[in-house]
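Participant: Here is my input; please provide its structure:
(one chain, ligands or ions: 1)
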Amino acid sequence: MGYRIGYGEDIHAFKEGDFFPLAGVMIPGRAVIAHSDGDVIYHALMDALLGAASLGDIGELFPDDDARYAGISSSLLVKEVYRLVKEKGFALANVDIHLLLERPKILPYKEKMKENICSLLSLEADRVSLKAGTNEGFDSVGEGRAVKAIVSLLLEDKDGKPESH
Ligand code: MG
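Facilitator: Model (predicted):
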């Protein structure tokens with residue numbers, strides 16, 4: 001069985017507004033500057049999937065100067081990326097997500113976020129980890145000016161052919 005590790009990260013700046021999305025959950029209090037909906041978890045997740053499958057990056061697949069993607073729900077983009085990954089013969093073993101933001105506390109939203117990810121990727125809860133922390137006051141995230149997500153994951157090659165070296 002062949003394995004592929006994937007890594008992705010994304011950051012979006014806050015602006016004044018009512019809501020911003022995290023894994024499809026609308027978090028109240030601020031908004032983010034973005035061409036699509038600016039969901040950092042879904043964006044980092046897509047780049048990790050694309051990276052593991054060696055399929056490029058989300059900027060290449062969904063250019064930010066393409067009007068079709070203006071304000072689009074990132075869950076639709078995740079579905080398309082996951083379709084491409086599966087089409088290439090890969091299955092997703094697990095996803096580990098690390099979210100960094102200073103406020104608000106996301107604990108009340110965490111279960112729903114995890115539920116959304118599991119349902120989008122057809123994964124059992126045990127295969128999805130969602131961790132969150134602050135940046136201890138440092139940099140744009142720590143100063144409460146941005147939200148960031150880092151995702152690592154593992155793909156299994158379903159065809160079972162060993163990787164050549
Ligand atoms: Mg982004």
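Participant: Helix, strand, or coil at the closest residue to the ion within the chain?
Facilitator: Among the residues of the chain, His43 lies closest to the ion, at 3.6 Å counting by C-beta to the ion. From N, CA and C alone the C-beta is placed, and that goes for glycine too. What DSSP: H, G, I helix; E, B strand; the rest coil gives for His43 is helix.
Participant: Leaving out chain neighbours, which residue sits closest to it?
Facilitator: In space, His43 comes closest to Asp10 once its chain neighbours are excluded; the distance is 3.8 Å by C-beta to C-beta, 6 or more residues apart in numbering.
Participant: Contact partners for that neighbour?
Facilitator: Neighbour list for Asp10: Val40, Ile41, His43, Ala44, Asp47, Lys148, Ala149 [criterion: C-beta atoms under 8 Å, 6 or more residues apart in numbering].
Participant: Could you export the residues you listed to TSV, including columns for distance to Glu60?
Facilitator: Converted to TSV, the contacts of Asp10 look like this (distance: C-beta to C-beta, whole Å):
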residue	distance to Glu60
Val40	19
Ile41	20
His43	13
Ala44	16
Asp47	10
Lys148	21
Ala149	20
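Participant: Now the two most distant members of those.
Facilitator: Asp47 and Lys148 (12.8 Å; C-beta to C-beta).
Participant: Find residues that contact each of those two.
Facilitator: Taking C-beta under 8 Å, 6+ apart as the criterion, Asp47 and Lys148 both touch Glu9, Asp10.
Participant: quick one: contacts for Arg83?
Facilitator: Going by C-beta under 8 Å, 6+ apart, Arg83 touches no other residue.
Participant: Close to the ion: what parts of the protein are there?
Facilitator: Asp10, His43 (C-beta under 5 Å from the ion).
Participant: where in the chain is pLDDT low?
Facilitator: Applying pLDDT under 70 to the chain flags the ranges 160-165.
Participant: try 80
Facilitator: Within the chain, the segments meeting pLDDT under 80 span 1, 159-165.
Participant: Quick one: the strands in it, in order.
Facilitator: 3-15, 19-22, 25-28, 31-32, 90-100, 128-133, 146-157 (DSSP state E).
Participant: what comes up buried for the second one?
Facilitator: Applying a neighbour-count criterion of 16 or more other C-beta atoms under 10 Å, the buried positions in strand 19-22 are Phe20, Pro21, Leu22.
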